[in-house]
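Asker: generate coordinates for the sequence data below:
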Amino acid sequence: MDRQYFGKFSGVESKERGLPVNGININLDHYHTLAQRYAFLGEVGSQLRCADVLVLARAYGDLASPQGDGMFAIGHDARASSASLAELVSIGLRSGGHHVTHLDECTTPCLEWSISELNLCGGMMITGGHASPDWNGLRFYHKQAQPMPVAPIAEAASRWSRMEDLLSTECTQTLCRLPMLSDYAASLRQWVRSVALMKLALDAGNGQIGVQVDAILSHLNGIRVWPLGFESDPGFKTSGPNPFGRNKLKRLARVVKDNGCNFGAAIDVSGECLAVVDEQGSSVSPEALGWLLARQQTEVYPDRKILFDPACHPRPSDIETAEAVGGGAFEAWGALHKNAASLYFDDHGHYAFSDIPGTSNALFALMMLIRYIDERGTTLSELLSMSSNR
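Answerer: Numbering: from 1, shown residues only. Next comes the predicted model:
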């Protein structure tokens, strides 16, 4: 389970205190037991229940747009429970008089980009991250895809002790379903339109991230892709395995060497984590890739800061504007998007850029790497060697 997006669930049994309403007990105490810093996470049905999702969505809408009439986007991953939970979130938001745009199944970076692109009040992503398939979670965002801590939402949710109170206000009866894939793909594609020739081995699974990769790269004649066949994770049949898994990288390396690819990349099912092997099939550490992308960014934006997780070492001496930021990508959002920084990265394969909204975008990082190799006209291993010698 990803420590920076979903901490380990405490497992503490909640002391439920609530009122039965039409057979539904709305808990007043247990929201904090579901709360990570930036998400609610729990086993669907026993810990994260339909009534809970409805109440949490209403509380979030009241906080994000107190005046009502707010505009929100909802996205969800491929888990069996996610589409249903998205509908409950929609009802919760619309019960507060807000307006909802459903993106349906999408990646987290696509939702974050859509919140900013559509100039919405905020949005919610229904995803369990790397948790068990029986679990699911809710992530919340302000305007411009700024992550929203869940503690205030848990506090606000405690006021709704009766379901009829929550549904007593006028509900917004209309909603919108808006596919954003083509626009999102076009926004990423523009960064690599000028690439002359690139041969890439790519493992993006068979979910939404694979669809997005195809929507971007299939329109670019200069990039040839050797896709790896999807292998389901034994613990989670609807997702690909960890992109940093040993077997995953060995398969990727074999395809790279057999086909003479410039490099290989693997992306997790959420579209947030990127793993890379060079043209020789050697695995590239997240820190090494982060510093390489940092050098690219400082060449373009000399005065901007590079932000990195304190666990990332070593720091190259020539990147003078680098600054350690603890707490993960969600905590670094403000420093990245509001304080003249251009890149944040950590040692888990998360890369966030000020050029695109959000907390981590593996596809954009991939576009930047393709562009850098093409511009320099050399191999990835040589770029990495040059970087480590500075």
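
Asker: show me where the stretch 51-200 of the chain has its strands.
Answerer: In the stretch 51-200 of the chain, strands defined by DSSP state E, counting those that start in this stretch lie at 71-76, 99-105, 122-126, 135-141, 176-177, 198-203, listed in chain order.

Asker: mean pLDDT for those: which is lowest?
Answerer: Among these, strand 176-177 carries the lowest mean pLDDT, a mean of 90.

Asker: which strands and helices sit next to that one?
Answerer: The contact analysis (3 or more CB pairs under 8 Å, 6 or more residues apart in numbering; DSSP states H and E) places strand 176-177 against strand 99-105. C-beta: built from backbone N, CA, C; applies to glycine.

Asker: can you rerun that using 10 Å?
Answerer: For strand 176-177, the packing partners by 3 or more CB pairs under 10 Å, 6 or more residues apart in numbering; DSSP states H and E come out as strand 71-76, strand 99-105.

Asker: of those strands, flag the one that's most buried.
Answerer: Of all the helices and strands packed on strand 176-177, strand 71-76 carries the top mean neighbour count, a mean of 25, counting by mean count of other CB atoms under 10 Å.

Asker: name every strand pairing with that strand and say which way it goes.
Answerer: Applying DSSP bridges, strand 71-76 is found paired with strand 99-105 (parallel), strand 122-126 (parallel).

Asker: could those go into CSV alongside distance to A362?
Answerer: Formatted as CSV, those follow (distance: least, CB to CB, whole Å):
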stretch, distance to A362
strand 99-105, 17
strand 122-126, 15
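
Asker: of the ones you listed, which is nearest V89?
Answerer: Of all those, it is strand 122-126 that lies closest to V89, at 5.4 Å by CB to CB.

Asker: now the closest one, how far from the centre of its chain.
Answerer: Centroid separation for strand 122-126 versus its chain: 11 Å, with CA atoms, centre = their mean, to the nearest Å.

Asker: surely C106 touches D183?
Answerer: No - judged on CB atoms under 10 Å, C106 makes no contact with D183 at a distance of 11.9 Å.

Asker: shared neighbours, those two?
Answerer: Common contact partners of C106 and D183 (CB atoms under 10 Å, 6 or more residues apart in numbering): 113-114.

Asker: of these two, who's got more company?
Answerer: Ranked by neighbour count (other CB atoms under 10 Å), C106 and D183 place C106 first, with 28 against 14.

Asker: show me the contacts for the nearest residue to that one once chain neighbours are set aside.
Answerer: Excluding its sequence neighbours, the residue lying closest to C106 (CB to CB, 6 or more residues apart in numbering) is G75, at 4.3 Å. For G75, the contact set (CB under 10 Å, 6+ apart) comprises 82, 86, 101-112, 114-115, 123-127, 139, 180, 208.

Asker: return the distance of G75 relative to N361.
Answerer: Distance check for G75 against N361: by CB to CB, to the nearest Å, it reads 14 Å.

Asker: what kind of secondary structure is L343 in?
Answerer: Classification of L343 using DSSP: H, G, I helix; E, B strand; the rest coil returns strand.

Asker: can you give me the neighbour number for it?
Answerer: 27.

Asker: in this structure it contacts G290, no?
Answerer: Yes - at 7.8 Å, L343 counts as touching G290 under the criterion of CB under 10 Å.

Asker: can you pull the residues that touch both of these two?
Answerer: Common contact partners of L343 and G290 (CB under 10 Å, 6+ apart): 306, 308, 351, 365.

Asker: contacts only, for the residue nearest the centre of the chain.
Answerer: In the chain, the centroid-proximal residue (CA atoms, centre = their mean) is T108; its distance is 3.8 Å. Taking CB under 10 Å, 6+ apart as the contact definition, T108 lies against 5, 75, 77, 125, 127, 129, 139, 141, 145, 208-209, 270-272, 358-361.

Asker: next: F330.
Answerer: By CB under 10 Å, 6+ apart, the residues touching F330 are 4-5, 36-39, 139, 146-149, 350, 352, 359-360.

Asker: am I right that it sits in a helix?
Answerer: Yes - looking at F330 with three-state DSSP, it is inside a helix.

Asker: quick check: the gap between it and H142.
Answerer: Distance, F330 to H142, by CB to CB: 12 Å.

Asker: over to Q296?
Answerer: Distance, Q296 to H142, using CB to CB: 29 Å.

Asker: repeat that for V269.
Answerer: Computed as CB to CB, the V269 to H142 distance reads 25 Å.

Asker: repeat that for S385.
Answerer: For S385, the distance to H142 equals 42 Å [CB to CB].

Asker: who has more neighbours out of these two?
Answerer: Neighbours were counted for S385 and for H142 using other CB under 10 Å; H142 has more, 17 against 12.

Asker: where along the stretch 201-350 of the chain do the helices fall?
Answerer: Along the stretch 201-350 of the chain, counting by DSSP state H, counting those that start in this stretch, helices occupy 208-217, 246-259, 286-300, 329-338.

Asker: right, and those - which one's nearest K199?
Answerer: When these are ranked by distance to K199, counting by CB to CB, first place goes to helix 246-259 at 6.8 Å.

Asker: now for the closest one, which elements pack on it?
Answerer: On a contact count with 3+ CB pairs under 10 Å, 6+ apart, helix 246-259 meets strand 198-203, strand 223-227, strand 263-267, strand 274-277, strand 283-284.

Asker: could I get these as TSV with distance to I373?
Answerer: Shown next, in TSV, are the helices and strands packed on helix 246-259 (distance: least, CB to CB, whole Å):
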stretch	distance to I373
strand 198-203	7
strand 223-227	11
strand 263-267	7
strand 274-277	11
strand 283-284	12
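
Asker: please identify the deepest-packed of these.
Answerer: Stretch with highest mean neighbour count among those: strand 263-267 (a mean of 27; mean count of other CB under 10 Å).
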